[in-house]
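**Q** Sequence and predicted structure, then a few things I'm wondering about:
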Amino acid sequence: MHNNIYHIFFDLDKTLWDFETNSSQTLEELYQKFELKSKGITSLDEMIDIYLKINKRYWTLYTANKISKEDLRTQRFNETFEYFGVFNKELAFNFGLEYIEISPKKKALYPFAHQILEYLHAKYKLHIITNGFEEVQYTKLKSANIIHFFNEIITSEKAGVKKPEIGIYEYALKQVGAKKENTIMIGDDWEADILGAINAGIAPVYFNPKNNSKNDYNVKQISCLSHLKTFL
Ligand SMILES: [Mg+2]
């Protein structure tokens, strides 16, 4: 695989940037700050659990172009709070604003992220392809101190199309001056990253730290970023 590979595209959220850890830390801080316990949300752990599920559903809708960025940002907390019987749109709105401000500044990455980026950076040209928001993703890359490893950072906002659409991969290849046969895509999302890359003719590597049973197409899988070193 490595002989003719010159470019590596990475997904960011849940591939390099540890979304669950960073999101949970932020929710914990804001839970205290907004005094949610006294407002009726008695369990922080349950709130985190519910939020992650609701957020995931909203992201699926956003990715499918069924809701806007604004809807995503305001409704996910409103729905989380309503689950606990707290009907307060203003509270949810303000909570959501602070969440967007604080969470991208969190620094948790998956194990070996720095080491593997250091290693790959010396051998390949590295880039990001993400469906996340332009301003947020740059903040994450800077805060986690990994932005210097990447040549191009392609966001769906900049490209005008989201993964898994073929258009964002074509845009990315053009942007970095790469041929699809000289490129691989590494990501955690089966639809967006793996099927998207396959449709665009780019070889995928499935980052699967929780060992979900997805092994169609004989796609290469890793459960730890350090495993990339065995074939790249
Ligand atoms: Mg991801």
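**A** Thanks, I have the structure now.

**Q** okay, CA-based contacts and neighbour counts for the rest of this
**A** Fine.

**Q** mind listing the helices in this protein by residue range?
**A** 19-33, 36-39, 44-63, 69-83, 89-102, 113-121, 134-143, 156-159, 166-176, 196-199 (DSSP state H).

**Q** count of neighbours near residue 164?
**A** Neighbours of residue 164 under the rule other C-alpha atoms under 10 Å: 23.

**Q** surely it meets residue 195?
**A** Yes - under the criterion of C-alpha atoms under 8 Å, residue 164 makes contact with residue 195 at 6.9 Å.

**Q** Now do the contacts for residue 11.
**A** Contacts for residue 11 were tallied using C-alpha atoms under 8 Å, 6 or more residues apart in numbering; they are 128-130, 185-188, 193.

**Q** How confident is the prediction for it, by pLDDT?
**A** For residue 11, the model assigns a pLDDT of 98.

**Q** still on that earlier bit, which residues are common contacts for residue 164 and residue 195?
**A** Both residue 164 and residue 195 lack any common contact, where contact means C-alpha under 8 Å, 6+ apart.

**Q** pLDDT at residue 213, what is it?
**A** Residue 213 carries a pLDDT score of 78 in this model.

**Q** Pull the number of nearby residues for it.
**A** Residue 213 has 7 neighbouring residues, counting by other C-alpha under 10 Å.

**Q** so how far is residue 195 from it?
**A** Distance of residue 213 to residue 195, computed by C-alpha to C-alpha, to the nearest Å: 15 Å.

**Q** Find the nearest non-adjacent residue to the residue nearest the centre of the chain, please.
**A** The residue lying closest to the centre of the chain (C-alpha atoms, centre = their mean) is residue 13, at 1.9 Å. Spatially, and ignoring its direct neighbours in sequence, residue 13 is nearest to residue 19 (5.8 Å; C-alpha to C-alpha, 6 or more residues apart in numbering).

**Q** Next, count neighbours for the one you found.
**A** For residue 19, the count of nearby residues is 21 (other C-alpha under 10 Å).

**Q** Mind pulling up the pLDDT for the residue lying farthest from the centre of the chain?
**A** In terms of distance from the mean C-alpha position of the chain, residue 38 ranks first, at 32.4 Å (C-alpha atoms, centre = their mean). According to the prediction, residue 38 has pLDDT 96.

**Q** Residue 119 too?
**A** pLDDT, read off for residue 119, is 98.

**Q** gap between residue 201 and residue 124?
**A** Residue 201 sits 19 Å away from residue 124, going by C-alpha to C-alpha.

**Q** Sorry, slip of the keys, the one I care about is residue 212.
**A** 28 Å.

**Q** Around the ion, pick out the residues from the protein.
**A** Selection of the chain residues close to the ion by C-alpha under 5 Å from the ion yields 13-14.

**Q** If we use 8 Å, what do you get?
**A** Counting by C-alpha under 8 Å from the ion, the positions of the chain adjacent to the ion are 11-15, 130, 187-189, 193.

**Q** sorry, back to before: who's in contact with the residue nearest to the centre of the chain?
**A** 19, 130, 132 are the contacts of residue 13 under C-alpha under 8 Å, 6+ apart.

**Q** Name whatever forms a beta bridge with it.
**A** residue 17 (DSSP bridges).

**Q** Among the residues of the chain next to the ion, name the ones in strands.
**A** 130, 187 (DSSP state E).
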